[in-house]
Structures are given as C-alpha cells and as structure tokens.
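# Build me a model:
(chains A and B)
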2 protein chains.
Amino acid sequence: MIQRPRGTQDFPPEQMAKRRFVENSMRVTFKSFGYSEVQTPTFEHLELFTAKSGEGIVDELYAFKDKGGRDLALRPELTAPVIRMYVEKLQMDPKPLKFFYFGNCFRYDRPQKGRYREFMQAGCELIGCDSPAALAELVALAWVLLKNVGLKNIVLRIGNLDFISRVLDNLNIKEEVRKKLFPFIDKKQFDELEVFMRKEGFSGEQIGSLLGFLNCSDVDEVKGFVDDDNLIKPFEEMLSLLPTFGIEKYMVDTSIVRGLDYYKGMVFEIEVPALGAEKQLCGGGAYDLVPLFGGKQVSTAGFAVGFDRTVVALENEGYSFPEERLRAYVVPIDNDSLPYALKVTMKCRELKIPVDVDLTGRSIAKSLKYANSRKAENVVIIGERERETNTVTVKNMETGEQKNVTIGELLNVLKG
Amino acid sequence: MIQRPRGTQDFPPEQMAKRRFVENSMRVTFKSFGYSEVQTPTFEHLELFTAKSGEGIVDELYAFKDKGGRDLALRPELTAPVIRMYVEKLQMDPKPLKFFYFGNCFRYDRPQKGRYREFMQAGCELIGCDSPAALAELVALAWVLLKNVGLKNIVLRIGNLDFISRVLDNLNIKEEVRKKLFPFIDKKQFDELEVFMRKEGFSGEQIGSLLGFLNCSDVDEVKGFVDDDNLIKPFEEMLSLLPTFGIEKYMVDTSIVRGLDYYKGMVFEIEVPALGAEKQLCGGGAYDLVPLFGGKQVSTAGFAVGFDRTVVALENEGYSFPEERLRAYVVPIDNDSLPYALKVTMKCRELKIPVDVDLTGRSIAKSLKYANSRKAENVVIIGERERETNTVTVKNMETGEQKNVTIGELLNVLKG
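This next block holds a predicted model:
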C-alpha cells in the first residue's frame, strides 16, 4: 500500500468542511477590512528565500533543481512571494495596497503534533502606509479575524524591534553578539540569557539593564530604557487607537524578536492557550523586503496565521462547527421509478439543494441505512403510487414523520 | 529583480476574484450532486504516479528526493492521490463515496498559451457504484458543472474503451502494436493512422474495419463492429438516461482513448470551442486504480476539469464576472475626525460590509481619486460637522449624489 508522505495530511470530507468554513469566515473578514485576495505559485526561485533569510534556511526548505537546472523551492511562507509579485508587476498601483492570501507552505521539519511538513497559512500584506492608525488597523484585523472565526480566548502581545535595537545600541552590544542573544530572548529563556551573558563577560549592569528592558509590560516602563520620542510617540499613538478598532485586551511585550531577519518596528503575536505547548497562532509586524527584491522603497507590514492550527484551536475550544448534510436522499423503490426519481432529484439540484439519489437499485432498508450514514435530513421515497400521482413521499429523518407531497411542496420543504 | 518561475502564474486581485467566483459555483454544483470535498497533499511518493503510468511519466513530473532520500513528486493530477487516500483510510466507509476536489497540479512541460507548469484542476471521483444510471449522473455532473459556471457552448463526446478493445481483439492486433496506434487515434489523425498501418503490413480489410469503427457516430453503427449485448446494453442504457439528467446534446465518439493507462469502459470529454486550439476542458470516465494501490477491488469513475482554462473559456465567451467592489471608502477630513471615522468604519465591518478608510491623512481630492481606483461605490466623508451631529456625509460615486445621514441610515444603505 502506498502511503501519504511523512508529515503531510489528508483531509476527508468532515475535516475539509471545517476548513472551508474557517477559510470563508476569514475571507469575509479580510474583505471587510478592504483587503483583496491574491495567489502566487507553489514554488519560487530558491534565491527568493535565501535573499531574505540567508543560506541557512535551505536546510528547512524543500529545495530542488528543475530539469533546466534552476534552483527552486516549495514556499515556506507567503510574504516573500507576495512581495515578489508586487515588485514584479504591481509597483505602479495606487497605494495603499492591501492583499490577503491562503496558501499551502512547506517546511522540511521533524513532524510533531501540530507541526506538519505541508501546512496552510492565511495572511495579509499592507503596502504603502505605515501610519500609527494603519498599523493599529493591521493588528486589529488579526484580532477580529480570529474572533470572527469563533475563537473565545486569544492573547495579543505587541512589541517594537526598534526598542530592543536601541537598548542594545546603548549597551554597545555588537551585531554578531546580538544574534547569539536573540534565540534566548525569542524563547523567553531569561535565566539562560543571564548565564550566557555572564559567560560572555557582560557586566552586571549591562545584564540588569537588558533584563529590565525585556520585562517591561507597558510603554511607560519602556521610556526608562528608550529615551526617544520619535520611537515612543508613534507606538503610543498606535496603542491608543487599538480600543477604537475593537481590541479588548493586549499586552506590551518588549521581548518579541521574531527572528529579526526582515522585521523592523512594530511586531505582534497572538497565542491561543487552548493549543497547549504550540500555542502561537499568528505573528506579524512591519518589515522591509521590497528593496531586497529590487523594488522601490515602500513601507510594508503584514501577518500570517497558522490555518491548520486555527482549526485545531477551535476544536480544542469545543467550537460547534456547522454540519454539512444532505438535504434529501431520493430512493426509487423499483426500476420503473428511476426516471421519475431522477426528475425529482434534478429539480432539487437546479435549486442548488444538496441531494443525492440511489442509483445502486438496492432495497429501501439498505438505502435508509445509507441515508443515515450520509446524515441525510430527509429521505424521499418514490414508487408506483408516487409516480402515478406526481407526488413524492418524504420522511423527515429526525422526527420520523412521513408525508405525501407534490414536487413543488417538496422543493419548498428542502429550500427552507 | 527576482521573477516568478517560468511557466507559473501570479493572480492579482481582479483575476483571483474571477477564480474564486468560478470555484464557488463549481463547489455548489458538486454539493448539489451529493459530492463532498476532500484534499490531499501537494506532493506524493513518486511511485504513486509511476505505478499507474510507468516510469516514462517521470520526465513530465517535478520529481525530487527529500532529505530522507525518499522519492517524491509534485502531483500531476488528483485521481491517484484521492484513490490513495481512499485505500489508506476510507475503504470501510458506506458506498457509494462521492468526492470532489480543487487542487494545484504540476507538469514539467514546455510552457505555452493556456498550458502552465502549475495549474489547477477541479474534479471528482465516484467510488463503489458503476450502474448505467451512476455513470450517466457522472457525465451529467460534468455537463451541469460547466453550464452552471456560465459557459454557453460546450461539446460533449462519449465513448467506451471496451469497444475499441473488442475491435482490436477481433482484428488480432497485439498489445505492443496497439500502443503505437493510440497516439494517432487520440489525436484523430486517421490519415496518418492509415499510412502507418499500411507500413506495418496491415491488410486493407483490417485498416478499413478499424477506420470504419473509429468513424461511428451512434450506438447502432457501433453494433456493426461490436456484437456483444453485455457491452452495448449498459452503454445504451446510460445514454438513454442523459436527457433525464439535463444533458441537451452529446455525440458518441468511439475514438476517445484518453491515453488508456488506467481508464476502462465509459469515457468522455468536453470541449469548449471558445478555447481555440487547446479546447479540451474536461475528461473522465471509468477507471481501475484501487487494486494497483493495494485496495480491495471496487468500481471507480471520475473526471477532471482544467480550472484555469475554465476561467479563460468564460473570458473568451465574454462572460460578465461580478465585480468585487468596496461598498464604501471612509475619509476623515482632519486628524480630529479619525477616531469617529474609525468608529463608523468598524460598525460597517461588524456587519461584514467591505469598506476601507483613509489612514494616510491625505487630502480629500487624493482620497476621492484613490476611492475611484478601488472602485468604491460610496465615499463617506467625516469632518467636524459630522462628528458633532453624529452623522456622516455619503457620496454615491456613480450618481454623484451626496447626502448627510445618521450612522444607522448609512449602514442600511451599505447593507442593501
């Protein structure tokens, strides 16, 4: 038996219905915020991803050569591809541009609970506007998006990479050393960070200062470490607008570093406690990629949501997904009733009502059993009496009630 | 500048809106026929495709080794993956199973007009029922699917691979020779077929017999070549049901061979003349794959539709796609009006109305110009007067009419 590749997923109907439900909810929210959907290819030139993240990322990519010898890679994320498309053909469009996407991404990773080698991301990019209000709207979109899909408990943390850069500048910590500190900061391993900094020969004052900064939980505390209104004021203004945009609750978190490879300025993350250990669901912020891809400097910001995890988070929170059910299963009880049964079935289908019809010629008992397995809401039975009187017998599978009605009456029942 | 890989496509908003429109229409039709959506991974073990089509297909695949040394391939089509999923985990489910899918597929092909290296297929598989009525319903689904998306002129041809097998049996033409004849038959190059058969030493009678069969245009003519009721009767019965299923017009075409690598029995193709040279849009029929993948013998049939070509076909037929427009663009005319403008904007968004708001602080004139470029139906202007009276000024961008209304009135206008 040939099995699916390791770390990938199949989605049978029940799972797929949940996914489309979440996708549709997200699409409606993105559109309500004035975003338009785009799509890019599943693979890109490898250099699109190495340009941004360095050669090190190749180990985490599905990279391959095509038969023309070109280095390609299955996309690990969608920000670089969307910005590549923007640079390639949309630079002249009126700004701001607001794009959203859904797309499968690939990561050559050790498969583990909640992490797959192929996974779907939903996300968006805002190009050409970085006012505090625009950034507040972006964060609000992430919040509303997850609230609208039905998540009850989400935790929003907002930071700013300019702050930590300034603090590290003030402490005279060089670029190559910073890179060693960030993994500790990213994982909030502050004890380990302290041990590491001691080993590296940092003074107690330096260590205390950095740890003090990393533990800031509001802007006023940040001001004690970053004395620059040009950095603080726009951030404060952005935060002040969040309630107007419907954000109920958030935390300032100065320790968000997001890998730092192309983000700059405002960054944010959203966690869902219901996800347990792998609880991060969304991350984003302002970034800089357009010049790297050969385009004219323009402000860019965006975020991505783990789509698969969103579905799992809803399941974990006990969300009640709408069931996809057949409105009716039509059963011709003898071969002569088949054409009339087909006529009735096709009348329903013309109205786009989801119905099915028995074409196996099996017994009524077996058809009823099958109809149950398909969760049909009604069974429509058609025999000699029905075809002679131009009627159908419809049985409500929940109440068990059975009645003889005209085709017109049936359609009214099924439409309702 | 990094460009997108050769033979792939980017879909900016306008194009993407058309695609989602077509996809949604298809999804509704699939569901109305009792089909449920499934999804499988983008890549599979290479052997899934070579098992079916032989090693020769590797040249047309994006095949690569992952870092564990496994041979993988980006899927070139979705029937094999869906049947693999069925064998892997759905064999015990009550039959018939009716699955549909949308998925990106990949073919290492010379890019040309209408043919891309990454393309999308829509399609379906019917597992566990091959009665004439079930096959008629399958063909009807393909027909209704394309009619419902809005195509005006489609041409349906139906054949049966059992017929040509029987004719070739009767002519004592061996398997290895058949393989050489099929490419001519597939392309309907009957003159070239005749020349080739003469060269191969076939008798005039053999050649005449095969060509006579290939030119059959109804079942009665086929009977002159295939004298077996077990083959003819079910096919006739299937054809007789097509009008009941809403098929207005079709042709019997005995020369459809569909590569023959896993199809058997009934086969069909749908062309759209508006597509010009690359006019085939849909192909399908009965096939046999389950035992090959290690599953228990069960009847299977299905079809696939070229999704990208469907969109092109609609464009070529002059189909009028619905436009995706902003219902309103909200313009705060000074900085003090921003919070009130945001409040109005978010009220619209709570109702899922697609609206946007100027967060750049530019002039009204520039905002109106931008609103026009976004095809906003209305512009909502908010200044001192509006915030003091808890109203908004709404300008209809088509009629130019401008009026002062309450927020409640605005929401009613935008919902309508």
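
# Chain B contacts on the stretch 101-250 of chain A?
Listed as neighbours of chain B in the stretch 101-250 of chain A under the rule CB under 8 Å from any CB of the partner chain: A:104, A:106, A:108, A:118, A:129, A:131, A:133-134, A:137, A:144, A:241, A:244-246. In short, each C-beta sits where N, CA and C put it, glycine included.

# go on, the stretch 301-416 of chain A?
The interface of the stretch 301-416 of chain A toward chain B, taken as CB under 8 Å from any CB, is made up of A:324, A:326, A:338-339, A:342-343, A:346, A:348-349, A:352-357, A:359-361, A:369-370, A:373-374.

# And the residue of chain A most remote from its centre, how close does it get to chain B?
Going by CA atoms, centre = their mean, the residue of chain A most distant from its centre is residue A:388, 53.9 Å out. Here the criterion is CB to the nearest CB, to the nearest Å. By it, residue A:388 lies 18 Å from chain B.

# mind listing the helices for the stretch 301-416 of chain A?
Under the criterion DSSP state H, counting those that start in this stretch, the stretch 301-416 of chain A contains helices at A:307-316, A:338-350, A:364-373, A:384-389, A:407-415.

# got the buried residues for the strand or helix carrying residue A:73?
Following DSSP states H and E, the helix or strand that holds residue A:73 is strand A:71-74. Of the residues in strand A:71-74, A:72, A:73, A:74 count as buried by neighbour count, 16 or more other CB atoms under 10 Å in any protein chain shown.

# and which of those residues is nearest to chain B?
residue A:72 (6.0 Å; CB to the nearest CB).

# need the buried residues of strand A:71-74 in CSV with distance to chain B and pLDDT, can you?
Converted to CSV, the buried residues of strand A:71-74 look like this (distance: CB to the nearest CB, whole Å; pLDDT from 0 to 100):
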residue, distance to chain B, pLDDT
A:72, 6, 95
A:73, 10, 95
A:74, 8, 96
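
# quick one, phi psi at residue A:359?
Note on residue A:359: backbone dihedrals following degrees, to the nearest 10 are phi -120, psi 20.

# And for residue A:270?
Here residue A:270 shows phi and psi, under degrees, to the nearest 10, equal to phi -120, psi 130.

# do the same with residue A:226
phi -120, psi 100.

# list the contacts for it?
A:163, A:166, A:167, A:232 (CB atoms under 8 Å, 6 or more residues apart in numbering or on different chains).

# Near the last one, how many other residues are there?
The one in question is residue A:232. 18 (other CB atoms under 10 Å in any protein chain shown).

# mind checking which helix or strand it is in?
With DSSP H and E as the test, residue A:232 turns up in helix A:229-241.

# Show me what counts as buried in that helix.
Those would be A:231, A:232, A:234, A:235, A:236, A:238, A:239, A:241, for helix A:229-241 by 16+ other CB under 10 Å.

# Please tell me how far the first one sits from residue A:376.
I take that to be residue A:231. Remark: distance between residue A:231 and residue A:376 (CB to CB, to the nearest Å) = 62 Å.

# Repeat that for the second one.
Using CB to CB, one gets 62 Å for the distance from residue A:232 to residue A:376.

# in the sheet, who's paired with residue A:270?
residue A:156, residue A:282 (DSSP bridges).

# Verify the assumption that residue A:126 is located in a helix.
No - per DSSP: H, G, I helix; E, B strand; the rest coil, residue A:126 lies outside any helix segment and is strand.

# How many neighbouring residues does it have?
When neighbours are counted by other CB under 10 Å, residue A:126 comes out with 28.

# Please identify the pairing partners of the strand holding residue A:73 and their relative orientation?
strand A:43-45 (antiparallel), strand A:63-65 (antiparallel).

# wait, which of those is closest to residue A:224?
The closest of these to residue A:224 is strand A:43-45. By CB to CB, the value is 43.9 Å.

# contacting residues around the following helix or strand past the closest one?
Next along the chain after strand A:43-45, taking DSSP H and E as the criterion, comes helix A:47-53. Contact partners of helix A:47-53, identified using CB under 8 Å, 6+ apart, comprise A:57-58, A:61, A:71, A:73, A:75-76, A:80-81, A:84, A:261-262, A:289, A:292-293, B:2.

# any chance of the buried residues of helix A:229-241 in CSV, with pLDDT too?
Formatted as CSV, the buried residues of helix A:229-241 follow (pLDDT from 0 to 100):
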residue, pLDDT
A:231, 94
A:232, 96
A:234, 96
A:235, 97
A:236, 96
A:238, 97
A:239, 97
A:241, 96
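
# Please identify the buried residues of stretch A:8-21?
In stretch A:8-21, counting by 16+ other CB under 10 Å, buried: A:8, A:10, A:11, A:12, A:13, A:15, A:16, A:17, A:18, A:19, A:21.

# With just CA atoms, put it into CSV.
The C-alpha trace of stretch A:8-21 is given here as CSV (Å, rounded to 0.1, in the frame of the first residue of the first chain):
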residue,chain,number,x,y,z
THR,A,8,1.6,15.5,5.3
GLN,A,9,-2.2,15.4,5.8
ASP,A,10,-5.2,14.1,4.0
PHE,A,11,-8.5,15.9,4.6
PRO,A,12,-11.6,13.7,4.3
PRO,A,13,-15.0,15.4,4.0
GLU,A,14,-15.7,16.2,7.6
GLN,A,15,-12.3,17.8,8.2
MET,A,16,-12.5,19.6,4.8
ALA,A,17,-15.9,21.1,5.7
LYS,A,18,-14.4,22.6,8.8
ARG,A,19,-11.5,24.0,6.9
ARG,A,20,-13.7,25.7,4.2
PHE,A,21,-15.9,27.1,7.0
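
# List the residues that contact the residue lying closest to residue A:246 once chain neighbours are set aside.
Among residues not flanking residue A:246 along the chain, residue B:346 sits closest, at 5.6 Å (CB to CB, 6 or more residues apart in numbering or on different chains). Each residue near residue B:346 by CB under 8 Å, 6+ apart is listed here: A:244, A:245, A:246.

# which of those residues count as buried?
Burial by neighbour count, 16+ other CB under 10 Å: within the contacts of residue B:346 this picks out A:244, A:245.

# quick revisit: farthest pair in the contacts of residue A:226?
Largest separation among those by CB to CB: A:167 and A:232, giving 12.8 Å.

# Provide a list of residues in contact with the residue in the stretch 301-416 of chain A positioned nearest to chain B.
Of all residues in the stretch 301-416 of chain A, residue A:356 sits closest to chain B, at 2.9 Å by CB to the nearest CB. Contacts for residue A:356 were tallied using CB under 8 Å, 6+ apart; they are A:326, A:328, A:329, A:330, A:345, A:374, A:376, B:33, B:34, B:98.

# possible to save these as a markdown table with neighbour count and pLDDT?
What follows is the contacts of residue A:356, written out as a markdown table (neighbours: other CB atoms under 10 Å in any protein chain shown; pLDDT from 0 to 100):
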| residue | neighbour count | pLDDT |
| --- | --- | --- |
| A:326 | 21 | 97 |
| A:328 | 28 | 98 |
| A:329 | 26 | 98 |
| A:330 | 30 | 98 |
| A:345 | 28 | 98 |
| A:374 | 16 | 94 |
| A:376 | 25 | 97 |
| B:33 | 24 | 98 |
| B:34 | 24 | 98 |
| B:98 | 25 | 98 |
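
# Closest one to residue B:252 out of those, please.
When these are compared against residue B:252 (criterion: CB to CB), the nearest one is residue B:33, at 23.5 Å.
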